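Enquirer: I'd like to go over a predicted model; first the sequence, then the structure.
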Amino acid sequence: MISIKGLRKKFGPLTVLDNIDLEIPSGQATGIVGPNGSGKTTVIKTLLGLVKPNAGDIFIDGESIQDQWDYRGKIGYMPQIARYPENMTVDELFKFIREVRNARKTNEKELIRHFGLESELQKRMRTLSGGTRQKVGAVLAMMFEPEILIFDEPTAGLDPHSSVQFKRLVHSEKKEGKTILLTTHIMSEIEELADYLIFIVEGKIRYHGPMRELIEKQKEQRLEGAVAKMMEEEAA
Amino acid sequence: MKTLTILKYQWKDLFRGKWVIGYGFIYLLIADAMIRFGGTGPKAILSISNIMLLLIPLVGMIYGALYLYQSREFTELLLAQPLNRTTLFWGLFGGLAFPLALAFTIGIGLPLVYTGMIVTTSINSILLILLLGNLLTLLFTGLGFWLGLKFFEDRIKGLGFALVSWLFLAVIYDGLVLLAIFLLGDYPIEEPMLAMAMLNPIDLARITVLLEFDISALMGYTGAVFNRFFGSMLGVGVAGACLMLWLAIPLWRGNRLFLKKDF
């Protein structure tokens, strides 16, 4: 269970997160949606301790994450823009993170096979295409079998084939009872993967609850229509 | 433990870049040339130390800031892992400062060994130069780190400030001291001059060198005052203590900035 209480963040004069309260249930998949620049990535980065909030706190399994770092061992994170040390080879990168995490057992091999990365292992990170980097990021996020998985626009740079493969993987992680948090602009993806929905606009939570309820409430067939309607209401 | 893992990978990366090897090679060439032309006496050591006093601050500060910018990906990757930010900060610092110090030590040390100077010249002088060089490397890399963190989003500004700081400390500062002496020579300004010397780490290192070699003619105004005030042993001690402060404060401030930073 991840609970976010009264979270505020300002970047200079710009309020990015404005008093956010959230409960993200365990063992479920939660999708975060919202227009560009609404604060989705900032929420995720705060959760990881990459961004320090001005006020408020986040609790994971009842424990505050403030000035803590051990809890990140429970989290696997796949960033939106995957940037890795340019001179490392893929294999070195995996080995390095394994050493940093002090992990003995990983399911690295299966994941590499799943994404077809075997032929890329000896290449330097800087020579990889954007999509391949994304795949490397996905492997890094999942190889330690963490309880919580965070994906920030995971399929944005993936081709349709890899995208389907990725989603299949997320499904199986979900079946294993992992807590999954993902942001995306592709509504069908959220529909496919998520149970809960969080809708953020300008750093404020506009909707938070089971996805089905939202669709019913907005009297729409699909999530896309329901969210579009909500955005229109927001603009009006 | 984790710091060691980080250090290991950074060193590998740094030596793969060959930059550090070139840096060490420069010292080797300079030391070799100085010994060839200046003979194997204290004069060669003094010449080497003069070049070291200019080069180490420049490279330390510029590369310190640049390195932080270059390893941004590395930093972001590691911050999402179960890792303490302080551990990461020291890992980053050690990952650069130790190879630089090592390159300096080997670059200067090799010519001293193969020319036999290590036997013919007083070992104390040689050790002092090596120690000072290492200390200055750590100190100015720390300053560069602090500048890099202060202007993390604006690289041009960070590097610009590093360059200007070097110019100020290595060149302009001495001019200002001379100007002050010229203008205020009629007043008792020995003590303020002493304070001014302590405010500049390059001056501190220079005074330490001159005190060791006891060359009053080359000691300059601040050096002479220093010598008169403290005498050799105490002078070296006071200068050393000030250098330690210069090492600790930027690193402490840098670490604080790093802990609070948003990535």
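Expert: Sure thing, it's come through.
Enquirer: so where is chain A shaky, pLDDT-wise?
Expert: Within chain A, the ranges that satisfy pLDDT under 70 run A:236.
Enquirer: what residues are up against the most centrally placed residue in it?
Expert: Centroid-nearest residue in chain A, with Cα atoms, centre = their mean: A:F151, separated by 2.3 Å. Shown in contact with A:F151 (Cβ atoms under 8 Å, 6 or more residues apart in numbering or on different chains): A:78, A:138, A:141, A:170, A:180-183. For glycine as for every other residue, the C-beta is placed from the backbone atoms N, C-alpha and C.
Enquirer: at 7 Å instead, please
Expert: A:F151 is in contact with A:78, A:182, counting by Cβ atoms under 7 Å, 6 or more residues apart in numbering or on different chains.
Enquirer: after the host helix or strand of it, next one along is what?
Expert: Element membership of A:F151 [criterion: DSSP states H and E] is strand A:148-152. Going down the chain from strand A:148-152, the next helix or strand is helix A:160-175, by DSSP H and E.
Enquirer: helices and strands around that following helix, which ones?
Expert: Using 3 or more Cβ pairs under 7 Å, 6 or more residues apart in numbering or on different chains; DSSP states H and E, the elements in contact with helix A:160-175 are helix A:108-115, helix A:130-142, strand A:179-183, helix A:187-193.
Enquirer: looking at the ones you listed, which is closest to chain B?
Expert: Smallest distance to chain B across those (Cβ to the nearest Cβ): 8.3 Å, for helix A:130-142.
Enquirer: Does anything pack onto the closest one? Which helices or strands?
Expert: strand A:75-78, helix A:90-101, helix A:108-115, helix A:160-175.
Enquirer: what about 10 Å?
Expert: Applying 3 or more Cβ pairs under 10 Å, 6 or more residues apart in numbering or on different chains; DSSP states H and E, one finds that helix A:130-142 contacts strand A:75-78, helix A:90-101, helix A:108-115, strand A:148-152, helix A:160-175.
Enquirer: which other residues reach the longest one?
Expert: So that's helix A:160-175. Counting contacts by Cβ atoms under 10 Å, 6 or more residues apart in numbering or on different chains, the residues outside helix A:160-175 that touch it are A:27-29, A:76, A:78, A:110-111, A:114-116, A:131-132, A:134-135, A:138-139, A:141-142, A:145-146, A:149, A:151, A:154-159, A:178-180, A:182, A:186, A:189, A:192-195.
Enquirer: how would you label the closest residue to A:I4 other than its chain neighbours: helix, strand or coil?
Expert: In this structure, A:I4 finds its nearest non-sequential neighbour in A:L22, 4.1 Å apart by Cβ to Cβ, 6 or more residues apart in numbering or on different chains. Counting by DSSP: H, G, I helix; E, B strand; the rest coil, the backbone at A:L22 sits in strand.
Enquirer: Spit out the contact partners of A:L22.
Expert: A:2-5, A:7, A:30, A:32, A:43, A:47, A:58, A:198, A:200, A:205, A:208.
Enquirer: Write a ChimeraX command that selects only the buried members of those.
Expert: Selection command for ChimeraX covering only the buried members of the contacts of A:L22, criterion 16 or more other Cβ atoms under 10 Å in any protein chain shown:
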select /A:2,4,7,30,32,43,47,58,198,200,205,208
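Enquirer: Which one of the contacts of A:L22 is nearest to B:G185?
Expert: A:L7 (62.2 Å; Cβ to Cβ).
Enquirer: Who are the contact partners of the closest one?
Expert: A:L7 makes contacts with A:17-22, A:39, A:42-43, A:46-47, A:53-58, A:203, as judged by Cβ under 10 Å, 6+ apart.
Enquirer: All the helices of chain B, residue numbers only.
Expert: Along chain B, counting by DSSP state H, helices occupy B:2-17, B:19-38, B:42-70, B:72-79, B:85-114, B:117-120, B:123-150, B:155-167, B:173-184, B:190-198, B:201-213, B:220-260.
Enquirer: can I get those helices in a markdown table with mean pLDDT?
Expert: Converted to a markdown table, the helices of chain B look like this (pLDDT from 0 to 100):
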| stretch | mean pLDDT |
| --- | --- |
| helix B:2-17 | 82 |
| helix B:19-38 | 90 |
| helix B:42-70 | 89 |
| helix B:72-79 | 85 |
| helix B:85-114 | 91 |
| helix B:117-120 | 79 |
| helix B:123-150 | 91 |
| helix B:155-167 | 92 |
| helix B:173-184 | 83 |
| helix B:190-198 | 78 |
| helix B:201-213 | 82 |
| helix B:220-260 | 81 |
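Enquirer: Next, format those helices as a markdown table and append distance to A:R212 and mean neighbour count.
Expert: A markdown table is the format used below for these (distance: least, Cβ to Cβ, whole Å; neighbours: other Cβ atoms under 10 Å in any protein chain shown):
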| stretch | distance to A:R212 | mean neighbour count |
| --- | --- | --- |
| helix B:2-17 | 44 | 17 |
| helix B:19-38 | 58 | 16 |
| helix B:42-70 | 47 | 21 |
| helix B:72-79 | 36 | 19 |
| helix B:85-114 | 41 | 20 |
| helix B:117-120 | 80 | 14 |
| helix B:123-150 | 47 | 22 |
| helix B:155-167 | 49 | 17 |
| helix B:173-184 | 71 | 13 |
| helix B:190-198 | 71 | 16 |
| helix B:201-213 | 66 | 24 |
| helix B:220-260 | 42 | 17 |
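Enquirer: For B:R72, see how far away the residue of the stretch 101-250 of chain B found nearest chain A is.
Expert: Relative to chain A, the nearest point of the stretch 101-250 of chain B is B:E153 (10.6 Å; Cβ to the nearest Cβ). Separation of B:E153 from B:R72 (Cβ to Cβ, to the nearest Å): 10 Å.
Enquirer: go on, B:A80?
Expert: From B:A80 to B:R72 the distance is 13 Å (Cβ to Cβ).
Enquirer: do A:L14 as well
Expert: As judged by Cβ to Cβ, A:L14 and B:R72 stand 22 Å apart.
Enquirer: same question, B:L53
Expert: Separation of B:L53 from B:R72 (Cβ to Cβ) stands at 31 Å.
Enquirer: quick one on the thing from earlier: which of the contacts of A:L22 sits closest to chain B?
Expert: Chain B lies nearest to A:L47 out of the contacts of A:L22, by Cβ to the nearest Cβ, at 10.2 Å.
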